[in-house]
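Novice: Here is a sequence with its predicted model. Questions after.
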Amino acid sequence: MFLLKKIRRLVTERSGDMGLPLMIFTLIAVIIFLFGLEVFSAAIKYQNVTYSSKSIAKVIESDGAVTERAYEQMEALNKSYNMDMTFEVSDVTYFNTRDRSIQFRDPFTVNVRYTASIQLASPLFLDPLVWDINMKADTPGMSEVYWK
């Protein structure tokens with residue numbers, strides 16, 4: 001509303017006094033809006049990392065081991081989100097280290113990592129100024145399979 005009043009007054013008065021401050025104000029508003037979109041994009045990516053961690057933990061819990069199905073699930077999530085996340089399993093005691101099986105009710109933690117980049121500025125003929133944000137989601141789990 002304020003912006004519309006300024007524009008209307010600038011057009012009707014035809015004075016150049018208001019032109020420069022209005023352009024600067026509009027430029028700053030657009031820059032803040034675009035930066036807000038970049039931050040929102042990073043927040044959505046963090047939500048995807050958290051969901052992926054929970055999803056991988058559920059697969060490992062139901063299989064009772066770190067199987068190929070967990071890696072396939074991670075690949076499918078990476079493809080659907082168009083991201084390059086990695087995961088590892090930590091704080092685990094394997095029942096059988098060869099097939100990476102986890103005994104019933106033994107705890108483990110799934111760590112999913114991703115690096116998101118927020119582009120702060122893109123000067124002409126120069127490399128863009130980028131801020132890398134390391135994202136990590138840890139999800140605890142517990143095996144649901146009893147191995148004999």
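Specialist: Right, received. Where do you want to start?
Novice: Centroid-nearest residue for this protein?
Specialist: Taking CA atoms, centre = their mean, the centroid of the chain lies closest to residue 45, which sits 2.1 Å from it.
Novice: and the nearest residue to it once chain neighbours are set aside, what does it touch?
Specialist: Computed as CB to CB, 6 or more residues apart in numbering, the closest residue to residue 45 that is not its neighbour in sequence is residue 116, at 4.9 Å. Where you see a C-beta, it was placed from the backbone N, CA and C, and this is true even at glycine. Residues near residue 116 by CB atoms under 8 Å, 6 or more residues apart in numbering: 41, 42, 45, 46, 132, 133, 135.
Novice: What about the residues you listed, which are in strands?
Specialist: Under the assignment DSSP state E, the contacts of residue 116 contribute 132, 133, 135 to strands.
Novice: Which of these sits closest to residue 125?
Specialist: residue 132 (22.4 Å; CB to CB).
Novice: just to revisit the earlier point, distance check, the residue nearest to the centre of the chain against residue 65.
Specialist: Here residue 45 is placed at a distance of 29 Å from residue 65 (CB to CB, to the nearest Å).
Novice: cool, residue 109 as well?
Specialist: Taking CB to CB as the measure, residue 109 falls 15 Å from residue 65.
Novice: Look at these two and report which has more neighbours.
Specialist: Taking other CB atoms under 10 Å, residue 109 and residue 65 do not tie; residue 65 has more neighbours (21 against 15).
Novice: Which secondary structure state does residue 109 sit in?
Specialist: strand (DSSP: H, G, I helix; E, B strand; the rest coil).
Novice: nearest residue to it other than its sequence neighbours?
Specialist: Residue 109's closest residue in space is residue 91 (CB to CB, 6+ apart), at 4.4 Å.
Novice: before we move on, what about residue 62?
Specialist: Residue 62 sits nearest to residue 144 (CB to CB, 6+ apart), 6.0 Å away.
Novice: can you give me the strands in this protein?
Specialist: Taking DSSP E, the strands of the chain run over residues 86-90, 94-96, 101-102, 107-121, 129-142.
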